[in-house]
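**Q** Make a model of this:
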Amino acid sequence: MDVEASRGVMRVLDQVKDPRMNRTKRHMLTDILFVTICAVLSGADGWTEVELFGKTKLDWLRRFVPLINGIPSHDTFGRVFTHLDPMQLEQCFLRWISALAEATQGRLIAIDGKTIRQSFDKAGGKAALHMVSAWCDANHLVLGQVATEAKSNEITAIPYLLDMIDIRDAVVTTDAMGCQKAIVEKIIEKKGHYLLQVKDNQPTLHARIKETFDELTGRGIPNVPFESHEETNGGHGRIETRRIWTTDWTDWYQERDQWVDMKSFVCVESIRRVGEHCSTDRRYFISDMADRSAEAMLGYARGHWAIENKVHWCLDMTFREDALRNRAGHSAENMSRIRRLALNLLRRDKSCKVGAKGKRLKAAIDTEYLLQVLCQGI
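**A** This next block holds a predicted model:
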């Protein structure tokens, strides 16, 4: 397994271009990348911890990479990741992940952004980094990500992200920020399907859909077909009821042709009861799918939030992403990619029945388990 792991991982890492001049190099780029990935899998969150891991596990690491001059200093790790081209690293990891992500029909791909709070550089006038990620819940993988310097730039980042990944026959979901005509066009161009939330950033569309469902779910509209579904669950003193209504009655909307292949409107209502308190919320969506059941559409709408629970929350709680202060150059963006790669590998391992935090601890203690997790990417 040692040889297999070494060849598989090195074949991917060798494709990353080294930004340094040859005369200044004491450590190979593949060595630096390999040590960093292993260290992050084992609980390291900063460069000092990466160096400490490397020095502690030097003999084990030399089974895979030469490390002729030993373990680089934490300053060397930091400088390399500051200057490393983040899109080269992303393309490298995309090739790695694409071999793991089975393109199953109807799979859900949720797209959402997350700001790395401490990555701003006030003195240098650099805003906090905002990473837009695509999460496939069926495969438990972050399929790809792009960086922006503001949440508003998600509008331009999402089409670029969609170009990077395979969305054929998948259902793409976004929050209201992603409800844009250009994004709809890109999803259809890439042979995918969409379920996009509509809010006040599309005021006319939002108002018209709201009026339609207010009437449809109230006194009804004669001869207008719709489908509905309801689910109820509870726990910890809370009872939540979710209702969904879907209709393919869209031809009345005058600007319908501006939204490529728009075939249905969707309304999801959530009623939450905690003790005597009750709250009701309605969300509205557009979709190119008119042939899916209301139950399936509710699954897609609910499934979108997996990116918050299984990616963003985990990056904050397990990898301490919001607390980390990588600011120089491309350091924050590149380390964000390493963390998401580590999360992918940890999620794929099913042998250890604990969360990602527990798996990182086990990887730090047991190098054979670390190797097993690493082999998830071969």
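**Q** was I right about His140 contacting Arg348?
**A** Yes - here His140 lies in contact with Arg348, judged by CB atoms under 8 Å, at a distance of 6.3 Å. To be clear about C-beta, it is placed using only N, CA and C from the backbone, and glycine gets the same treatment.
**Q** more crowded one of the two?
**A** His140 (18 against 15; other CB atoms under 10 Å).
**Q** What separation is there between the more buried one and Ile307?
**A** Going from His140 to Ile307 by CB to CB, to the nearest Å gives 12 Å.
**Q** For the lengthiest helix in the chain, give the mean pLDDT please.
**A** What stands out as the longest helix in the chain, according to DSSP state H, is helix 331-348. The average of the pLDDT scores along helix 331-348 is 88.
**Q** which parts of that helix are buried?
**A** When burial is assessed from 16 or more other CB atoms under 10 Å, helix 331-348 yields the following buried residues: 331-347.
**Q** what's the answer for stretch 190-206, then?
**A** By 16+ other CB under 10 Å, the buried positions in stretch 190-206 come out as 190, 192-198, 202, 205-206.
**Q** Over to stretch 41-56?
**A** Within stretch 41-56, the residues scored as buried using 16+ other CB under 10 Å are 41-47, 50-51, 53-54.
**Q** Tell me the one of the residues you listed nearest Asp291?
**A** Taking CB to CB as the measure, Asp291 sits nearest to Leu41 out of the buried residues of stretch 41-56, at 42.2 Å.
**Q** Surely that closest one and Ala363 touch.
**A** Yes - counting by CB under 8 Å, Leu41 does reach Ala363; the two are 5.1 Å apart.
**Q** Between those two, which contacts overlap?
**A** By the contact definition CB atoms under 8 Å, 6 or more residues apart in numbering, Leu41 and Ala363 are jointly contacted by 370, 373.
**Q** Run through the residues that contact Cys136.
**A** Cys136 touches 101, 107-109, 143, 170, counting by CB under 8 Å, 6+ apart.
**Q** Glu321: which of the residues you listed is nearest?
**A** The closest of the contacts of Cys136, once distances to Glu321 are taken by CB to CB, is Leu143, at 18.5 Å.
**Q** Can you name the helix or strand that the closest one falls in?
**A** strand 141-148 (DSSP states H and E).
**Q** mind listing what's buried in whatever helix or strand comes next after that strand?
**A** Following strand 141-148 in sequence order, the next helix or strand is helix 154-164 (DSSP H and E). Neighbour counts over helix 154-164 (16+ other CB under 10 Å) mark 154-155, 157-159, 161-162, 164 as buried.
**Q** now swap in stretch 208-224 and tell me
**A** Across stretch 208-224, burial judged by 16+ other CB under 10 Å covers 208-209, 212-213, 216-217.
**Q** if I look at Pro222, how far off is Lys210?
**A** 20 Å.
**Q** How about Asp14?
**A** Applying CB to CB, the value for Asp14 to Lys210 is 54 Å.
**Q** One more: Met317?
**A** 36 Å.
**Q** What segments of the stretch 251-378 of the chain are strands?
**A** 264-274, 277-287 (DSSP state E, counting those that start in this stretch).
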